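A.B. asks: Mind looking at a prediction? Sequence and model below.
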Amino acid sequence: DFELLLINDGSTDSSGRICDEYAALDARVKVFHQENEGVTSARHKGVKLARGEYSIQVDSDDWVEPNMLAEMYQCALNNDADMVITDYYRHKFNKINLIKQKPNSLKSKEIILKILEKKLSGNVWNKLIRHKLYNKFNIPFPKEINYSEDAFIITSLLLADLKVVYLPIAYYHYINNPSSITNVPSKKKFKNQFLYINKMYLILANYPKLLLALNNTKLIIQTQMLLSGLYSYNECHDIYLDTHKYVFTYPTKIYYKIMLYLLFKKQDTLLKIILNIFLYVKQKLIIVIKFYNKLINQNNQLKFDNN
């Protein structure tokens, strides 16, 4: 058996009403309404109210396979696991990709390392967790973080050296919409990223190897700042002065490495030329992709109408 907690974080559309309708149909569904406080606050409320032996968190715009809970729970029981990690599906540009999440090692800190190196997902939605561990280890939920808050939570848990098992099945369908409002850069979102890095430094202070891997995230942030056009080159350069020596070991595309190298060398003229070329090509690609998606949707609608 299970309980489903729906946290309505101050939605202004019909989400709250729909949640209430589901709760009226099934006693296992419980709805909690609150003023908009952000995703971390909503996660924390769910964790505080949940009563199950194990719990998993799901984002509102995604969906899961109907056998997810039963099979992940059985795996946890069979292995007396603190955390069960599974694969997941990513939906993007009308394509569905299976994203494997097999760790090289099931040791907690090795999994953190791979999360920081962006080789494993730090998301909470493909991980079933022994619920009492949140209280046992006093896992923090900083309300001010609304970027990678789940990676912060998972890292905090894994620092406690949990027993982790890997189940090589995908149940979770992650809907990645590059044009959604949540993917539009803003200074508010960058501020959240800076806060995330600061919080991670605090919990990883005694783990030099993990702190070193955090440079990958810092370089990602500097790349995003460059591409956003919201910051001057000097601001992009100065936000993290210690990352320049990791540019060519940073696992990303070569043109991002070139941009960062020029940024750190303060070759502003050449950087501007390359950046403008990149943004022009990217814009044209977006137009092509949108046109392709429109054709696919029209074709699917025709098939539906014919049936």
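C.D. replies: Right, received. Where do you want to start?
A.B. asks: As a check, name the ranges of all helices in the chain.
C.D. replies: Taking DSSP state H as the criterion, the chain carries its helices at 15-25, 39-49, 68-79, 108-116, 133-136, 149-158, 187-203, 208-213, 215-228, 233-238, 254-264, 268-306.
A.B. asks: Tell me the helices and strands packed up against the first one.
C.D. replies: Here helix 15-25 touches strand 4-9, strand 29-34, going by 3 or more C-beta pairs under 8 Å, 6 or more residues apart in numbering; DSSP states H and E. Where you see a C-beta, it was placed from the backbone N, CA and C, and this is true even at glycine.
A.B. asks: which secondary structure elements does the last one contact?
C.D. replies: Using 3+ C-beta pairs under 8 Å, 6+ apart as the contact criterion, the elements in contact with strand 29-34 are strand 4-9, helix 15-25, helix 39-49.
A.B. asks: okay, now Leu270: neighbour count?
C.D. replies: Summarising burial for Leu270: neighbours were counted as other C-beta atoms under 10 Å, giving 12.
A.B. asks: quick one: contacts for it?
C.D. replies: Neighbour list for Leu270: Leu262 [criterion: C-beta atoms under 8 Å, 6 or more residues apart in numbering].
A.B. asks: Now Ala81: closest residue in space that isn't a chain neighbour?
C.D. replies: Leaving aside its chain neighbours, Ala81 sits nearest to Val165 (4.4 Å; criterion: C-beta to C-beta, 6 or more residues apart in numbering).
A.B. asks: Include distance to Asn177 and mean pLDDT when you put the helices of the chain into CSV, please.
C.D. replies: Rendered in CSV, the data for the helices of the chain read as follows (distance: least, C-beta to C-beta, whole Å; pLDDT from 0 to 100):
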stretch, distance to Asn177, mean pLDDT
helix 15-25, 17, 95
helix 39-49, 16, 93
helix 68-79, 22, 98
helix 108-116, 23, 95
helix 133-136, 30, 96
helix 149-158, 18, 95
helix 187-203, 16, 92
helix 208-213, 28, 92
helix 215-228, 17, 90
helix 233-238, 26, 92
helix 254-264, 22, 86
helix 268-306, 11, 74
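A.B. asks: contacting residues for Ser186?
C.D. replies: So, once contact is read as C-beta under 8 Å, 6+ apart, Ser186 ends up touching Leu230.
A.B. asks: Against Leu4, how distant is it?
C.D. replies: Here the criterion is C-beta to C-beta, to the nearest Å. By it, Ser186 lies 32 Å from Leu4.
A.B. asks: Met83 too?
C.D. replies: Relative to Leu4, Met83 is positioned 20 Å away (C-beta to C-beta).
A.B. asks: more crowded one of those two?
C.D. replies: Residue environment comparison for Met83 versus Leu4 gives the larger neighbour count to Met83, 22 against 15, counting by other C-beta under 10 Å.
A.B. asks: ok, the more buried one - contacts?
C.D. replies: Met83 sits next to 127-130, 157-158, 162-165 when contact means C-beta under 8 Å, 6+ apart.
A.B. asks: And the pLDDT at it?
C.D. replies: On the pLDDT scale, Met83 is placed at 98.
A.B. asks: Make JSON lines out of the helices and strands packed on strand 29-34 and add distance to Ser60.
C.D. replies: Formatted as JSON lines, these follow (distance: least, C-beta to C-beta, whole Å):
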{"stretch": "strand 4-9", "distance to Ser60": "9"}
{"stretch": "helix 15-25", "distance to Ser60": "7"}
{"stretch": "helix 39-49", "distance to Ser60": "9"}
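A.B. asks: Would you mind listing the outside residues contacting the longest strand along the chain?
C.D. replies: Using DSSP state E, we find that the single longest strand of the chain is strand 164-175. The list of residues contacting strand 164-175 from outside it, by C-beta under 8 Å, 6+ apart, reads 58, 61-65, 67-68, 71-72, 75-76, 79, 81-91, 96, 98-103, 106-108, 111, 123, 125-126, 158.
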